[in-house]
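In: fold the following and give me the result.
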Amino acid sequence: MRRTSLLLLVCLLALPAATPWAVAQEVRQQIQVVAPGGDGAPIQMLPPGRQAKTGTGRVRGRVLSTDAGTPVRRAQVRINGPDIGSKTALTDTQGRYEFSDLPSGRFTLTASKSGYVSMQFGQTRPFESGKPIDLAEAQVLDKTDFALPRGSVLAGRIVDEFGEPVAEAEVQAMRMQFTNGKRRLTPSGRTASTNDLGQFRIYGLPPGEYYVSAQLRNMNMMIFDMAGGGAGGPTGSNQTSGYAATYYPGTASPADAQRVAVAVGQELGSVDIQLQPVKLAKITGTAVGSDGKPMSGAMVMLMPTMRDAMQFMPGGSSRTNKDGQFTLTGVAPGEYSLQVQSGGAMISAAGAAMSFTFRTVDGASDNPQAPQEREFATMSVNVAGDDINGMVVVATRGAKASGTVTFAGGIKPDGLNTMRIMPTPTDDNPGPVMTLGGAAVKDNGSFELEGLVGNRIFRMMNPPKGWVTKAVHFNGEDVTDKGIDFKPGQDLEGIEIELTNKTTSITGSVKDDQGNALKDYTVVIFPEDQTKWGLAQNRWTSTARPDQQGQFKINNLPPGAFYAIAVDYVAQGDWSDPEWMARAAKRATRFTLDEGAAKTLDLKLSGS
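Out: Okay, here's the model as predicted:
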């Protein structure tokens, strides 16, 4: 789920149950205005407290279609960089675009238009990263051109077991991809909804192989469930049968799904899926706070356990009534995590996320309210079609953690209060989203986190320029990659996050077997220690594409022993798969990287 959707969801769900729908719609509109959108909201997102730089550089080029070489008019070209955020330009009738007043630095460019495959500058194959451009002060880069291929299309019909069309089903193309330590089906491209004839059309896809899933539950249905109040009051009839998420050609198991392949610009119109009927269950229960009192107005969500496929939509959602009672209906069979969170928890989490994402330029928060006490509960639930009644869920405030950010050498840089500590979960089921936005670092370097549960690793967002995380220590142990396992109601103190300004850099070039310098390749660097290959949020692995001079650059890897390999092509995510690393290690170049070292590597192209 994109960060925009998540923020929108959190804020809408945090509204009191009695909030008029018009007010909820206003919240939705406000977030859509300021949040980063899909293909191309012309916005600027910079780290808190940082203003965009200007200069005298220019970047210009054309966007053409690959099939006919004709100009692509009104295509959107986006430039991104750490000192400018994101800027957008539209192409003219000749397909030309230009960015001016650019500072020196390294930038990425992306071009997109409906009906075409979105491409990064320098990208020549599907699911490949683009190439960065290095711009000097007052430099003018001409002919930074894009060739956009026509997007592939997956189309078909979604029907029920009687062959009747299913309207407003959500249809998603998915790719098998290695993500955060595991290989699973991951959403790719746009999501489509079926019309009244059950027809869907997913367009703008890169050529490749996809899995296609369809389900009836969507974001609007979930928001209505959550905004509609909790248990109690009038009741209506509920079907005892419904539909689970179904994968083409007609299976509820991702492991049994079949791939469909599309070539460049191809439209495959026969991806028909018959939804698989299943017995639906009803779950009732009571949520009790840590004080023994009913949790009134709490949010209840039934989140699927992610195994073979990433799933973001809850299997059910509701609100508790004044007696803490909740009811979830229409629950398809599956393994879930039942998550209950107090209204104050969600409002506080949403406020923290919004205040960090949309902080004013002087670093002050637009929402300075103190966070409310957060309470939540999680419980594993295995639904097999039978109703589950009388569940009692007892909430806790979660664990609290406090610590200090220190700086190697005792140097204290400016801008500490713009940093955020993110307690990132290392498993697939992190529990309720209690830590959106992370924790701010105070002027004295201290920080406090609450609402923690499960194993968490600590990552720094928006550190002072030139500083990176060196290590995270707790109880005399390095827990940077291992993390800390938090138990509900636990208070942990003395976490130390050490930053260093002795950063590393790796630069170099790649040649072929004849010694010719290459300008199109991918370099992957990964640790020699195989125990680090499958880490979640892996800081030991990185990849780079060459700039316009054919040079690659990778910064801020930790010191240690590494492998480096240059390949012609590797799909996004595949280079973080331990199986890929095991094959690559046999042909890779081994090197060591010392703290603060600047390393130069001259590599030869290896087969992918």
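
In: for this structure, what spans make up the helices?
Out: For the chain, the helices defined by DSSP state H cover 3-14, 21-34, 219-227, 343-357, 578-585.

In: hey, least reliable of those helices by pLDDT?
Out: Among the helices of the chain, helix 21-34 carries the lowest mean pLDDT, a mean of 36.

In: hey, what's the nearest residue to I388 once chain neighbours are set aside bridged with?
Out: Excluding its sequence neighbours, the residue lying closest to I388 (Cβ to Cβ, 6 or more residues apart in numbering) is I283, at 4.7 Å. C-beta: built from backbone N, CA, C; applies to glycine. Note on I283: beta-bridge partners by DSSP bridges are L328, I388.

In: quick check: I283 touching V383?
Out: Yes - counting by Cβ atoms under 8 Å, I283 touches V383, with 7.5 Å between them.

In: quick one: common contacting residues for those two?
Out: Contact criterion Cβ atoms under 8 Å, 6 or more residues apart in numbering; residues shared by I283 and V383: V331.

In: who's in contact with D101?
Out: For D101, the contacting residues are 54-57, by Cβ under 8 Å, 6+ apart.

In: mind putting those in TSV, neighbour count and distance to M379 included?
Out: Converted to TSV, those look like this (neighbours: other Cβ atoms under 10 Å; distance: Cβ to Cβ, whole Å):
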residue	neighbour count	distance to M379
T54	12	53
G55	18	55
T56	13	60
G57	20	56
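
In: state the pLDDT value of A408.
Out: If you check A408, the pLDDT there is 87.

In: could you find the closest non-adjacent residue to it?
Out: The shortest distance from A408 to any non-neighbouring residue, by Cβ to Cβ, 6+ apart, is to T500 (4.1 Å).

In: wait, that neighbour sits on E595?
Out: Yes - under the criterion of Cβ under 8 Å, T500 makes contact with E595 at 7.3 Å.

In: those two - which one has more neighbours?
Out: More crowded of T500 and E595, by other Cβ atoms under 10 Å: T500, with 21 against 13.

In: report the contact partners of that one.
Out: Contact partners of T500, counting by Cβ under 8 Å, 6+ apart, are 407-409, 467-470, 595-596.

In: show me which of the residues you listed are buried.
Out: Among those, those scoring as buried are 407, 467-470 (criterion: 16 or more other Cβ atoms under 10 Å).

In: between the residues you listed, which sits nearest F562?
Out: Nearest to F562 among those, counting by Cβ to Cβ, is V468 at 16.3 Å.

In: which phi and psi does the residue nearest to the closest one when sequence neighbours are not counted have?
Out: Spatial nearest neighbour of V468, chain neighbours left out: N556 (4.8 Å); criterion: Cβ to Cβ, 6+ apart. With angles defined as degrees, to the nearest 10, N556 sits at phi 70, psi 30.

In: count of residues packed around N556?
Out: As a burial measure, N556 scores 13 neighbours (other Cβ under 10 Å).

In: hang on, isn't it packed against W467?
Out: No - taking Cβ under 8 Å as the definition, N556 is not a contact partner of W467, at 9.7 Å.

In: what's the distance between the nearest residue to D134 once chain neighbours are set aside and M391?
Out: The spatial neighbour of D134 that comes closest, neighbours along the chain excluded (Cβ to Cβ, 6+ apart), is D547 at 4.8 Å. According to Cβ to Cβ, to the nearest Å, D547 and M391 sit 57 Å apart.

In: same check, this time on K470
Out: Taking Cβ to Cβ as the measure, K470 falls 45 Å from M391.

In: same deal with R60?
Out: Distance, R60 to M391, using Cβ to Cβ: 62 Å.

In: same question, L135
Out: For L135, the distance to M391 equals 59 Å [Cβ to Cβ].

In: just the CA trace of stretch 591-608, in PDB.
Out: Coordinates of each C-alpha in stretch 591-608 appear next as PDB, following Å, rounded to 0.1, in the frame of the first residue of the first chain:
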ATOM      1  CA  PHE A 591      36.900  -6.600  -1.200                       C
ATOM      2  CA  THR A 592      36.900  -5.100   2.200                       C
ATOM      3  CA  LEU A 593      35.600  -1.700   3.200                       C
ATOM      4  CA  ASP A 594      37.000   0.200   6.200                       C
ATOM      5  CA  GLU A 595      35.200   2.800   8.200                       C
ATOM      6  CA  GLY A 596      35.200   6.100   6.400                       C
ATOM      7  CA  ALA A 597      36.900   4.600   3.300                       C
ATOM      8  CA  ALA A 598      36.500   5.700  -0.300                       C
ATOM      9  CA  LYS A 599      36.900   2.600  -2.400                       C
ATOM     10  CA  THR A 600      37.400   2.500  -6.200                       C
ATOM     11  CA  LEU A 601      36.400  -0.700  -8.000                       C
ATOM     12  CA  ASP A 602      37.100  -1.600 -11.600                       C
ATOM     13  CA  LEU A 603      34.900  -4.500 -12.500                       C
ATOM     14  CA  LYS A 604      34.400  -6.700 -15.500                       C
ATOM     15  CA  LEU A 605      30.900  -7.600 -16.800                       C
ATOM     16  CA  SER A 606      29.700 -11.000 -15.600                       C
ATOM     17  CA  GLY A 607      26.900 -13.000 -17.000                       C
ATOM     18  CA  SER A 608      23.600 -12.500 -15.200                       C
END
